[in-house]
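Peer 1: sequence-free structure coming up:
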């Protein structure tokens, strides 16, 4: 599902994505406590200013598995749901925190078993031996 986030404050968005993400995999080796500095946020945003397809792409930032991509789609910017390696509840929390008050909030389809689910059923479905 595509979610139009045009008009959203991307600086606030970056900070919240980072805040809601945790270290994963080898990210534990690079993890640093605390938030992002203003300079770090600007650096993340500036990398993508002239890209025609992406407005933002956050993979691992200071060890946290952010896994957030913002796509350019004509004159809009969009994200995709589900948010990779995050629960649907985290996505809802992210959007509620940064969503512009004058824009209708998107209808999110709650999925009991999202991409970050590690229940026995989802592990078996992915072919993981339990």
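Peer 2: Cool, got the structure. It should be emphasised that the depicted structure is a prediction, and the values quoted were computed from it without experimental measurement. Numbers count the residues shown, from 1 in each chain.
Peer 1: all helices of the chain, in order?
Peer 2: Under the criterion DSSP state H, the chain contains helices at 10-19, 27-30, 38-46, 88-98, 120-125.
Peer 1: could you redo the ones you listed as JSON lines and give each row distance to residue 74 and mean pLDDT?
Peer 2: (C-beta placed from N, C-alpha, C; glycine too.) Formatted as JSON lines, those follow (distance: least, Cβ to Cβ, whole Å; pLDDT from 0 to 100):
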{"stretch": "helix 10-19", "distance to residue 74": "18", "mean pLDDT": "96"}
{"stretch": "helix 27-30", "distance to residue 74": "34", "mean pLDDT": "74"}
{"stretch": "helix 38-46", "distance to residue 74": "20", "mean pLDDT": "95"}
{"stretch": "helix 88-98", "distance to residue 74": "21", "mean pLDDT": "92"}
{"stretch": "helix 120-125", "distance to residue 74": "35", "mean pLDDT": "72"}
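Peer 1: Identify whichever of these lies nearest to residue 60.
Peer 2: Of all the helices of the chain, it is helix 27-30 that lies closest to residue 60, at 5.2 Å by Cβ to Cβ.
Peer 1: Tell me the buried residues in that closest one?
Peer 2: residue 27 (16 or more other Cβ atoms under 10 Å).
Peer 1: Retrieve the pLDDT associated with residue 23.
Peer 2: If you check residue 23, the pLDDT there is 86.
Peer 1: what's around it, how many residues?
Peer 2: 16 (other Cβ atoms under 10 Å).
Peer 1: Tell me, how many residues neighbour the nearest residue to it once chain neighbours are set aside?
Peer 2: Of all residues not flanking residue 23 in the chain, residue 31 sits nearest, at 4.2 Å (Cβ to Cβ, 6 or more residues apart in numbering). Neighbour count of residue 31, defined by other Cβ under 10 Å: 14.
Peer 1: thought residue 31 was touching residue 61?
Peer 2: No. Applying Cβ atoms under 8 Å as the test, residue 31 and residue 61 come out as separate, 10.3 Å apart.
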